[in-house]
Every structure is written in structure tokens, then in C-alpha cells.
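Visitor: model the structure of this input:
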Amino acid sequence: MPLDPRSLIALGGLMSAMMAVVLWVMRRNYPPSIRGLDYWAASPVLWLVATLLFSGRGQLSPFLTVVLANQALLLGATVYYIGSRRFLGHGGGWILWGSVAAASLLVLTWLTYVAPSYQLRVAIFALLMAVLYGAHLRFLWRHGGKGFPMRLVQVVLALHILVLVARFTSIVMGRADSDAMEPSHFQTAYIGAYVLTVLMLSIGAVLLATDRVRTELEHLAMHDSLTQTLNRRAIMQRCHEELERARRHGRGPSIMMLDLDHFKAVNDTHGHQHGDAVLVHFTACTASVLRSGDWLGRYGGEEFLILLPDTDAAAARHVAQRIHVLLQAGHPLDCQLSIGVATWQGPQDSLEAMLTRADAALYQAKDLGRNQTCAG
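Guide: The predicted structure follows:
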């Protein structure tokens with residue numbers, strides 16, 4: 001015996017209410033850098049409104065239980081889509097889908113009062129929702145990542161598109177029910193799929209936001225907050241890993257220790273904000289010289305460390321020379337720096353020994369007049 005559609009709709013409303021509370025709490029407590037959460041939190045609220053209006057069939061006016069109920073359902077899906085766009089750093093979406101929502105309001109009103117047709121109304125709405133979910137799925141496929149939360153949302157959207165296409169096809173083939181509240185197996189499956197979609201999309205939003213927070217916390221734990229380079233712990237970890245790799249494959253790295261010359265005088269003369277700007281400019285220029293597999297980290301204060309995998313002494317000195325040239329191009333924030341280079345000497349070499357040689361070479365560069373590179 002099929003379930004009563006009103007019971008399934010009530011279950012959908014309960015799910016929407018619960019997920020709305022969860023997402024609104026997350027919106028208030030998660031960092032503002034997690035964009036789109038406000039839209040995702042609004043979606044289940046609109047879906048809750050839709051279920052409340054749908055459940056009033058036979059007791060409230062058709063404008064509320066048909067026209068506005070379907071509009072709330074469409075707007076919930078639209079707002080969720082806009083939230084996904086904001087979450088992934090994209091704008092837009094409102095002009096197109098806001099216009100579609102306005103047009104659908106007129107069409108549903110016409111098919112409810114002027115030329116009443118349950119079958120045509122359901123067919124148009126199912127097709128419209130399928131197109132909206134299709135646009136959402138296409139956007140996530142092009143711009144989303146490959147993690148489990150993103151894949152979950154994509155799968156839910158794809159499955160519900162199939163349900164909507166099946167719904168549309170059944171109407172075209174003349175197998176539609178005569179009323180949304182008819183307790184048929186097909187109606188039960190359709191409404192049950194809607195309830196499950198509302199729940200899974202809300203869970204997907206929770207997982208996406210939580211995954212983003214985790215990623216940001218990992219970034220903060222490994223990067224310097226000012227220069228966005230690796231912090232000391234992270235760059236040392238990269239060095240240890242590279243030396244382990246070098247011992248297995250026989251080709252080792254070079255390490256460069258860099259120190260900005262007379263940086264204390266820069267802070268004392270121009271202030272710490274100017275000094276911070278110099279550091280940011282220095283790291284941006286230095287990073288532009290490095291290869292994708294090289295690593296730049298802040299060792300402490302105005303001292304930085306560069307790890308150059310599979311790099312001999314001559315190549316490391318060439319990189320150092322390019323850094324010197326780039327920081328003497330006439331930019332207001334250009335600075336001078338001394339660089340000490342140490343190259344891996346074989347399996348017996350250790351990170352501590354390399355750092356000691358690089359540090360000694362750095363002080364040699366300073367003793368020789370600064371703004372130059374020495375190798376140790």
C-alpha cells in the first residue's frame with residue numbers, strides 16, 4: 001500500500017526545518033570567508049514553506065497551495081544554486097533564474113485559474129526543475145572539486161534530474177495522476193525522491209562548508225599569516241621529506257637561506273606596516289622566480305628558507321641571482337638581501353648540516369658587504 005503523500009510532505013518539512021537550523025547555526029559561527037552559507041541556509045527555509053503550503057491542499061486557496069507552493073520549491077532550488085556559485089567564488093545567476101521564477105509564477109497562475117491543467121502544470125514545472133538542476137550540475141562539474149562532499153551533491157542532483165525526467169515522460173505518455181495528493185505508487189516515489197533530495201542537498205552543503213573550514217585551518221597551520229609562505233615547521237618538514245627522497249634516488253636538493261639586509265632600519269624609519277609591505281613584496285617577487293616544485297618558507301622574522309629539489313650549486317646560484325635582479329627593479333618596496341646556499345653532498349649529509357652551511361654562507365655574504373650570495 002503506498003504511503004500517504006501528505007505524510008511524506010510532512011516528513012520533508014521536518015527534514016527542511018532541521019537542516020535549516022543546522023545551516024543557520026553554521027552561518028553564524030563559521031568564518032565569513034565561507035561564502036554561500038547564507039544562501040544554503042535559506043534554501044531549506046523555502047523548502048519548508050513549500051511543504052507547509054503543499055500540505056494545505058483542500059483547505060487553503062489554490063494560489064497558496066499550488067502557485068506559491070511550487071514557487072517556494074523553485075526558489076529554494078534557485079537559492080541553493082546561487083549559494084553554490086558564491087561558495088566557489090562566482091557571482092551571477094539571479095538575473096536569469098529570477099526572471100525564470102517570475103515567468104513560472106505567471107504560467108502556474110494561468111494553468112491554475114485561466115486554463116486549469118494539472119498535467120500540463122506538473123510537466124512544465126518538472127521540466128523547469130530539471131533544467132535548473134542541470135545548470136547547477138554543469139556548474140559544479142566545471143568549477144567544483146573532486147572531493148566527496150562535491151561528488152555527493154553532484155550525484156544527488158543527477159539522480160533527481162532522472163526522477164524529474166521520468167516524471168515529465170510519464171505525463172507525456174498520459175500516465176500522470178490526476179492530483180498531487182493521490183496515494184499512488186508513482187506519487188509516493190516522486191514525493192519520496194523530493195524528500196530525500198532536500199535532505200541530501202542540505203547534508204551536502206554542511207559537508208562542503210565543513211571541508212572548506214578544515215582546508216582553511218590546515219592552511220593556517222602550515223602558512224605564515226602575513227606572507228602566505230610556509231611557516232618554519234612546514235618548510236622544515238618539506239626539507240626532511242626531500243632529503244629522505246634524495247637518499248632513495250641519489251639526487252639531492254639545494255637550500256637557500258635569505259635575510260633582508262638592514263630590515264630593522266626599514267621598520268624604525270618607515271614603520272612596521274611599511275616593513276610588512278616590504279616582506280609581502282619580497283615573497284611575491286621571490287615566488288615568481290621559483291619552479292612549481294620549489295618551496296619558500298619564513299624561517300623567522302625577516303629570514304626565509306628556500307628548498308630547491310634536484311638542484312645543484314650552479315643552478316641554485318642562478319636562482320639567487322635572479323632574485324637579486326628582480327628586487328632591484330626600481331619598485332618602491334624593493335629591498336636588498338643576503339643569501340647563503342648549501343647543496344646536498346650525498347647520503348651522509350643531514351638537514352642540520354646543510355642548514356649550518358647555509359647559515360655560515362649567509363653570514364659570509366653579510367661580512368663581504370651584504371646584497372650578495374655565497375655558497376657553503
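Visitor: how about low-confidence regions in the protein?
Guide: Counting by pLDDT under 70, the chain contains low-confidence residues at 1-6, 175-186.
Visitor: can I assume Q59 sits in a helix?
Guide: No - residue state for Q59 (DSSP: H, G, I helix; E, B strand; the rest coil) corresponds to coil; a helix is not indicated.
Visitor: which residues sit in contact with it?
Guide: The neighbourhood of Q59, defined by CB atoms under 8 Å, 6 or more residues apart in numbering, contains no residues. All C-beta atoms are positioned from the backbone trio N, CA, C, and that covers glycine.
Visitor: now do E241 against R247, distance only.
Guide: Counting by CB to CB, to the nearest Å, the gap from E241 to R247 is 11 Å.
Visitor: spatially nearest residue to M150, not counting backbone neighbours?
Guide: Setting aside the residues directly before and after it, M150 is nearest to G144 in space (CB to CB, 6 or more residues apart in numbering), at 4.3 Å.
Visitor: can I assume the one you found is in contact with R138?
Guide: No - at 10.5 Å, G144 and R138 do not qualify as touching, with contact defined as CB atoms under 8 Å.
Visitor: residue contacts, the residue nearest to M150?
Guide: Going by CB under 8 Å, 6+ apart, the list of residues near G144 reads S84, L88, M150, V153, Q154.
Visitor: which residues touch the helix or strand harbouring the third one?
Guide: Here M150, judged by DSSP states H and E, is contained in helix 148-172. The set of residues that contact helix 148-172 without belonging to it, under CB under 8 Å, 6+ apart, is 84, 119, 122-123, 126-127, 129-130, 133-134, 136-137, 140-141, 144, 176, 186, 189-190, 193-194, 197, 200-201, 203-205, 207-208, 210-211.
Visitor: which of these count as buried?
Guide: 84, 119, 122-123, 126-127, 129-130, 133, 136-137, 140, 144, 176, 189-190, 193-194, 197, 200-201, 203-205, 207-208 (16 or more other CB atoms under 10 Å).
Visitor: just those residues: which are in helices?
Guide: The helices in this structure, assigned by DSSP state H, contain 84, 119, 122-123, 126-127, 129-130, 133, 136-137, 140, 189-190, 193-194, 197, 200-201, 203-205, 207-208 from the buried ones among the contacts of helix 148-172.
Visitor: for the residue most central in space within the chain, which non-adjacent residue is closest in space?
Guide: Residue closest to the mean C-alpha point of the chain, counted by CA atoms, centre = their mean, is L88 at 5.1 Å. With CB to CB, 6+ apart as the measure, H143 is the residue that lies nearest to L88, at 5.0 Å, once sequence neighbours are left out.
Visitor: list the contacts for the residue lying closest to A234 once chain neighbours are set aside?
Guide: If the residues on either side of it in the chain are set aside, A234 comes closest to M222, at 4.1 Å by CB to CB, 6+ apart. Contact criterion CB under 8 Å, 6+ apart gives L230, N231, R233, A234 as the residues in contact with M222.
Visitor: any chance of those in JSON lines with secondary structure, neighbour count and distance to A358 as columns?
Guide: Supplementary listing: the contacts of M222 in JSON lines, determined by DSSP: H, G, I helix; E, B strand; the rest coil; neighbours: other CB atoms under 10 Å; distance: CB to CB, whole Å:
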{"residue": "L230", "secondary structure": "strand", "neighbour count": "22", "distance to A358": "16"}
{"residue": "N231", "secondary structure": "coil", "neighbour count": "19", "distance to A358": "18"}
{"residue": "R233", "secondary structure": "helix", "neighbour count": "11", "distance to A358": "18"}
{"residue": "A234", "secondary structure": "helix", "neighbour count": "17", "distance to A358": "18"}
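Visitor: before we move on, the earlier item: so how far is H90 from the residue nearest to L88?
Guide: As it turns out, when the distance is counted by CB to CB, H143 lies 7 Å from H90.
Visitor: again with S16
Guide: If you measure S16 against H90 using CB to CB, the figure is 26 Å.
Visitor: so the two - more neighbours on which side?
Guide: Counted by other CB atoms under 10 Å, S16 and H90 do not tie: S16 has more neighbours, with 25 against 14.
Visitor: you'd agree that one is up against A42?
Guide: No - taking contact to mean CB under 8 Å, the distance of 11.2 Å between S16 and A42 leaves them out of contact.
Visitor: which residues of the chain fall in helices?
Guide: According to DSSP H, the helices that the chain contains are 5-29, 37-54, 62, 69-87, 94-109, 118-143, 148-172, 185-222, 232-249, 263-270, 272-289, 313-326, 351-367.
Visitor: would you list those in TSV and tack on distance to T373?
Guide: Below are the helices of the chain laid out as TSV (distance: least, CB to CB, whole Å):
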stretch	distance to T373
helix 5-29	49
helix 37-54	48
helix 62	81
helix 69-87	45
helix 94-109	55
helix 118-143	42
helix 148-172	45
helix 185-222	27
helix 232-249	19
helix 263-270	18
helix 272-289	13
helix 313-326	4
helix 351-367	6
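Visitor: endpoints of stretch 291-306, how far apart?
Guide: 11 Å (CA to CA, to the nearest Å).
Visitor: and it, how far from the chain's centre?
Guide: Between the mean C-alpha location of stretch 291-306 and the chain-wide mean there is a distance of 26 Å, by CA atoms, centre = their mean, to the nearest Å.
Visitor: how about residues contacting it?
Guide: Here stretch 291-306 has contacts from 224, 227, 229-232, 234-236, 238-239, 255-260, 263, 279, 282-283, 286-287, 290, 307-309, 319, using CB under 8 Å, 6+ apart.
Visitor: what lies in contact with stretch 26-40?
Guide: Contacts made with stretch 26-40 from outside it, assessed by CB under 8 Å, 6+ apart, are listed as 23, 41, 79-80, 82-89, 202, 205-206, 209, 212-213, 216.
Visitor: how is this protein carved up into domains?
Guide: Here the domain assignment for the chain is 5-222, 232-375, based on automatic domain parsing.
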